[in-house]
Every structure is written in C-alpha cells, then in structure tokens.
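*Asks:* I would like to see how this sequence folds:
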Amino acid sequence: MRQNILFFLLVFLLAGNITCRKKDPPAETRSFYMGTTPWPADFTVAEVDTAYRFINDHCDIVSHHFDEGIPYEEAFYNRPMPASLIQDMTTRKTKTAVGKKIFLSVSALALNRTSRPEYYANAPASDSIKNYWRQLPFDDPKVVTAYVNYISWLIDQLQPVYVNYGVESNVSNWNASQFVLYKNFIAQVYQQLKIKYPSLPFFISFIVDESNEGFNNAGQLVAYTDLIGLSAYPYITVSSSASGNTDPKNFPSNYFEKFANLSNSKPLPFA
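*Replies:* Now for the predicted structure:
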C-alpha cells in the first residue's frame, strides 16, 4: 500500500448548475487537498469572480494552470515578462485568498501534446525571434534554459507547494524520434529544477488510456517525476463508452491501476 498518498481533485468549473454543500467538511476528516482551477463558466469578469469566490470559500488549494505558450526570449535572457503575462499573474495573485495552497501546472507541450509550444500569446516578439525559437530541437540547451527560467519565474511569483512541470506528457501518438528529444528535455529540466528547488515536489502528469504506447511512454518518464500524476478523459476515450454507456463498471480492467502502480513508492495526485 502506498504510504502518505496525497490526492488532488482538480476540476474545471463549466457552464451549468453547480450544487455544493453550504459548509465544507472539517479539515480533519480527510488527509488530502481538494481544489479547482479558476477557469470561469463564462468569459466575463463576473464569472471569473464567481470562480475565485468558489475557490476561496470551498477549496484547500487552487490550481494555477499555464498553457498559453512559452516566453522563450524573455525567459532565456531573464528579461521582464510580457505585459499580458504579468497582468494575468497579478489577477491570479490578487483574487486568490491569502493562505490558499498553490498547485502550479505548466505545459511543456502544445495543445496537441506532441510538439513544442509556440511563443507566449500576445508577447511583443518579432516573427524572426519566434521563428528562431521554433526551429530549435526540443532538447536544445537554449530551450531547456528558457523553460527552466520560465518555471522558476512562475514559482517565485506563486510560491506553490506542488509543481506539474510537464502536463500530459505521454500521449500514444508521439513520433518516436521526437519523444526521445522530449524525454531528453524533461530529464534536463527535472534535474535543474530539483537542484534549484530541492524541497519542492516536481512531477509530470500522464494521460490514462488503454494503449500500450501511452503506457510505455509514461514508463519512460517515471524517473523524472516525484509523483505519479494522472489525468483522465474516459468519457471520450475509454472503449467501453463507445455505445454511449459511461458506467464506470464497464471500464477495462486495470484501467487506472496500471498507471497508479507505475511506482508504488511515489504519491499519487489525480486531475
């Protein structure tokens, strides 16, 4: 039995009715944190405030997730970050109640989860600068340095208690040669972050699916994570729901367990 297991429940606040108890259970009734991202139910200031109010009233921890590209040039040279990123950070810090635990989640991949992220959205970088960074291989030392510096800036801003530095790293449709470069990148980033922040848990998250490829990719990255972080979308991926039946009892055997058991010595966060 894995000892000292820590679970997160990181859920999106989607449009629709949300029903919750008026009072949270006493903290002593469970040994894990529960929280959400501050993603709003609608892209309005009012709904952003609603999301943060829910977090501040009902959550132990908030998941600040960054998936909008990397400010490569600014991070590599330790220059001021893009104004839009600074504004985003200011909003997050201002609206998050004092004392809330912070879970920092950053994607080292584009939304397809098989390629490098583009330059940070709305950054005032020229096309030539963006093209320069775009053509570098994934494990180029400059890319590694830029990403480590970016993660470090986010950490210093938010003071998180946990960091997912490689969101959803194991998708089944990776090109094999590109995955080797990504694994080299992850290994270097992990080593440098652990040296810089030795007491901070760093992990990468794995998408749970039924493919051998996805599971094997996850297995190749276990050495570079302090936790076994799982992310799952069974309502659209699990084979037992193909006919529209989403009853969890129909899930393939060992669907979650084989990923959870990638390492019995490492705690398990779940998204």
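
*Asks:* residue 40 versus residue 267, what's the distance?
*Replies:* Distance of residue 267 to residue 40, given as C-beta to C-beta, to the nearest Å: 30 Å. Just so you know, the C-beta spots here come from the backbone N, C-alpha and C atoms, and that holds for glycine as well.

*Asks:* residue ranges in this structure under the pLDDT threshold?
*Replies:* Flagging of the chain using pLDDT under 70 yields the residue ranges 1-28.

*Asks:* spatially central residue for it, please.
*Replies:* In the chain, the residue lying closest to the centroid (C-alpha atoms, centre = their mean) is residue 105, at 3.5 Å.

*Asks:* A strand includes that residue, no?
*Replies:* Yes - applying DSSP: H, G, I helix; E, B strand; the rest coil, one finds residue 105 inside a strand.

*Asks:* so what sits opposite it in the bridge?
*Replies:* Beta-bridge pairing of residue 105 under DSSP bridges involves residue 65, residue 164.

*Asks:* double-check it against residue 65; I have them as touching.
*Replies:* Yes - counting by C-beta atoms under 8 Å, residue 65 is a contact partner of residue 105 at 4.3 Å.

*Asks:* now do the contacts for residue 256.
*Replies:* In this structure, residue 256 makes contact with 208, 230, 232, judged by C-beta atoms under 8 Å, 6 or more residues apart in numbering.

*Asks:* which strand or helix spans the residue of the chain positioned farthest from its centre?
*Replies:* Most distant from the centre of the chain: residue 243, at 30.5 Å, with distances by C-alpha atoms, centre = their mean. If you go by DSSP states H and E, residue 243 is not part of any helix or strand.

*Asks:* distance check, it against residue 250.
*Replies:* Residue 243 is 9 Å from residue 250, where distance means C-beta to C-beta.
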